[in-house]
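Trainee: Sequence first, then the predicted structure, then my questions.
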Amino acid sequence: MTTKRDLDILIDCHDDAVKERDALAVQIADCVMYERPIGEDLIKKYNVAKLGVESTARDLENCMMIAANAEVFDG
């Protein structure tokens, strides 16, 4: 069964993923603004971070649905 602690952990993971993605986006924006080349490794890191945000959001949504359904059936 999904607990509040499980949800809190997933929320923290999602928040961390968002922060990482946003930090990489700032690095890319700086490269564009200062007309520096954007390294291929930076683009790859951003794409992986973007997938991390999507994945943790999906996991969090699924976990919340499981918790809500369990509450309905137990209630």
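Mentor: Cool, got the structure. Numbering: from 1, shown residues only.

Trainee: quick one: contacts for residue 51?
Mentor: Residues counted as contacts of residue 51 (CB atoms under 8 Å, 6 or more residues apart in numbering): none. C-beta here means a position set from N, CA and C on the backbone, and glycine is covered the same way.

Trainee: May I have the secondary structure class of it?
Mentor: helix (DSSP: H, G, I helix; E, B strand; the rest coil).

Trainee: so what's the residue most central in space within the chain up against?
Mentor: Centroid check for the chain by CA atoms, centre = their mean gives residue 53 as the closest residue, at 2.3 Å. Neighbouring residues of residue 53 by CB under 8 Å, 6+ apart: 14, 17-18, 21.

Trainee: Residue 20 now?
Mentor: 49, 52.

Trainee: per-residue pLDDT, it?
Mentor: Looking at residue 20, its pLDDT stands at 98.

Trainee: How much space separates it from residue 14?
Mentor: In this view, residue 20 and residue 14 are 11 Å apart by CB to CB, to the nearest Å.

Trainee: Fine by me, we can end here.
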